[in-house]
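Colleague: Predicted model and sequence below, questions to follow.
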Amino acid sequence: MVLSSQKTLEQNALRIRKGIIQAICSNKGGHIGGSLDLADVLSVIYTDFIRIDPQTPKWDNRDFMIISKGHAGPALYSTLALKGVIDYSRLNNLNNPNSLLPGHCDRNKVPGVDATTGSLGQGLSIAVGAALGAKIKDSGQRVFCIIGDGESAEGQIWEAAQFAAHYKLDNIIAFLDWNNMQIDGSVEEVMSIGDPMKKFEAFGWNSTLVKGDDVLAIQKAINFAIESPNKKPTMIVLKTIKGRGAKCIEELPNNHCLGFNDDLKEKVLEELKERAVELDMEEEQWN
Amino acid sequence: MRRAFLKRVAEMIRNEADTTFFTVDIGMWAIRDVLKEFPDRCTNVGIYEDGMFSIAAGMARRGLVPTIFGIQPYLVERTLEQIKMDLAYQKLGVNVIGTGAAVDYPKYGYSHYCAEDLHVIKAIPGCEFIAPGSAKQFIQLFNQTYRNGHPTFFRVSDHPNQNNDPDVEFGKAVVMQKGSKATVIAVSIMLDAVMEVCKGKDVTVLYYTTLEPFDRETLGQYYNNGKILVVEPEFEGSLTFDITKSFEGKPVQIESVAFPREIFRNYGTYEEKMQYYGLTKENIEKKLEVLIRV
Ligand SMILES: Cc1ncc(C[n+]2csc(CCOP(=O)(O)OP(=O)(O)O)c2C)c(N)n1
Ligand SMILES: [Mg+2]
């Protein structure tokens, strides 16, 4: 397996962030915090690991991506646009009456989306079911899944965790977006998740902690899960910062779902542009 | 309506030591001080609606008066078995207040819509369902029911009536006007639109905010040749059983202005949605004309 350089992964993460802003601004607001903080992991998964065919998004043996925290739809759409699965122009029409780009992931509307989500807690179970399905069909598929930390208060997450271990589903690689924030307060104060690594280990999973914006660490963790299967599912716990990638968003006390005016948009784009310069991105790579 | 209800809740928590208020991770800025003051009785308990219902049932079992606040679809659909077993079957009083009526979160897609709430709750006997049309009515209905020992569901809309705000009583319809050509049932936030259309017309208008139990007695007094128009901001047919039961043995012709029974696969604004699904004055007018003419 050829793995990409840090710079390539960070450049792609930046492009994903830009697409997220494009989508969310097209409806003057949306779930920005928990979308931005997934840009790095999505960049790594889609640059190096997920086996999809942008020309044939419905290829039956593709790897699946299930975003259980469905409000992060814009992050996935932007990634799919980067991969050429959907056209960039589609990002300009989020959540309008006849939009083909719903804020919450909808598999019937957007190619490359493998589960419809929005009601928290259910996606990991779908992922686990798909992973078992792939085993039964001997298709060799992998299933990637991203869950939220606030979402992990739902009991169904832990039912899925137990199931995946019981059925030895080492073809599932899941990620916990551990940003310690939900809508109304921090996860720690609302319903502490405790030590999620230990929890998933106790449930029979492989579990590792990586910094959510450390693309090489994420790459290494995914690569290890793929290269060293041990009949256990893998949970990669991402220590993230909600709103990561734009300081002016990160610093807000609550950035779960924001209205966007032109001012804020300009500010964010300015920050992203500075980052593009740092990453030596040419004008055409950026636009 | 949301503000009024949070204010009422704050007052309840302050003054009544046996009450509790749980939210499912939803903006609570309006009662921050109460949250701090009574952290064990007024708190954001996190995102696990089904388990929370059973926990509330346990608290009711110990003599407390629990109220839960969250987003309507997660409160009435995700939790159905808990509602059946732990609230209705065991006859435990828990108040459930849902925001996100029908398409009140218009942009977020079907996961966040809940036009089927009444239909679902009516399937579990013993539950009460209340849909106030204004903040004042919320307070009136909450005060009349929150200690009655039954599972009571409140649908809190972000689009209350602006021009018509009669006093309401739990379990009773309000007779807004009397006429002979047809009977119009205006449900909750549809009252303004219904009144605008019906004013000056020879039709009866009944206003309903308690939808379960349904006041069959009042409706039963206004047969009007069995011509009934029901205007309800929920799945069409949610009240059909009650309407026919109100006129036991007599034929009725029911027209309705309501959300169709389908999966809503579109987004947009609240107004765009109401227009799209025909919950408009124009449509009420049209349906009423047809009903009276034939
Ligand atoms: C079952 C359910 N309950 C409540 C909600 C409303 N809701 C949407 S996002 C959210 C907070 C999610 O927090 P977290 O999982 O930590 O996501 P992140 O911080 O990554 O955005 C809530 C409560 C929902 N979508 N589904
Ligand atoms: Mg979170």
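Modeller: Sure, I can see it. Ligands and ions are numbered 1, 2, ... in the order given.
Colleague: now for chain A, which residue lies nearest the mean position of the chain?
Modeller: Centrality entry for chain A: nearest residue to the mean C-alpha point is residue A:38, 4.6 Å, by CA atoms, centre = their mean.
Colleague: so what secondary structure elements neighbour the lengthiest strand in chain B?
Modeller: With secondary structure taken from DSSP state E, chain B has its longest strand at strand B:227-235. Judged by 3 or more CB pairs under 8 Å, 6 or more residues apart in numbering or on different chains; DSSP states H and E, the packing partners of strand B:227-235 are helix B:117-122, strand B:183-187, strand B:253-259, helix B:281-293. Quick note: C-beta positions are derived from backbone N, CA and C, even for glycine.
Colleague: So what touches the last one?
Modeller: Outside helix B:281-293, the residues that touch it by CB atoms under 8 Å, 6 or more residues apart in numbering or on different chains are B:181-182, B:184, B:193-194, B:196-198, B:201, B:203, B:227-229, B:231, B:253, B:255-257.
Colleague: Next: stretch A:11-19.
Modeller: A:36, A:39-40, A:42-43, A:46-47, A:74-75, A:77-79, A:81-82, A:88, A:91, A:213, A:215, A:245-246, A:269, A:272, A:275-276, A:279, A:281, A:285-286.
Colleague: C-terminal to the longest strand of chain B, what's the next element?
Modeller: Toward the C-terminus, strand B:227-235 is succeeded by helix B:240-246 as the next helix or strand (DSSP states H and E).
Colleague: before we move on, back to that, for the residue nearest to the centre of chain A, grab phi and psi.
Modeller: Main-chain torsions, residue A:38, degrees, to the nearest 10: phi -100, psi 0.
Colleague: mind listing what it touches?
Modeller: A:72, A:75, A:146, A:177, A:240.
Colleague: could I get those residues as CSV with pLDDT?
Modeller: What follows is the contacts of residue A:38, written out as CSV (pLDDT from 0 to 100):
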residue, pLDDT
A:72, 98
A:75, 98
A:146, 98
A:177, 98
A:240, 98
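Colleague: restrict the residues you listed to contacts with ligand 1.
Modeller: Restricting the contacts of residue A:38 to those adjacent to ligand 1 (criterion: CB under 6 Å from any ligand atom) gives residue A:177.
Colleague: how about the residues of chain A near ligand 2?
Modeller: A:148-150, A:179, A:181 (CB under 5 Å from the ion).
Colleague: In helices, which of the contacts of residue A:38 fall?
Modeller: Among these, the residues falling in helices (DSSP state H) are residue A:75.
Colleague: Among the contacts of residue A:38, which ones are in strands?
Modeller: When the contacts of residue A:38 are checked against strands (DSSP E), the matches are A:146, A:177.
Colleague: From the contacts of residue A:38, pick the one nearest residue B:168.
Modeller: residue A:72 (41.5 Å; CB to CB).
Colleague: who's in contact with the closest one?
Modeller: Here residue A:72 is in contact with A:31, A:34-35, A:38, A:105, A:146, A:177 (CB under 8 Å, 6+ apart).
Colleague: what about the strands in chain A?
Modeller: A:29-30, A:64-67, A:143-148, A:172-178, A:206-211, A:234-239, A:258-259.
Colleague: give me every residue that touches residue A:113.
Modeller: Contacts of residue A:113 by CB under 8 Å, 6+ apart are A:65, A:67, A:73, A:76, A:80, A:105-107.
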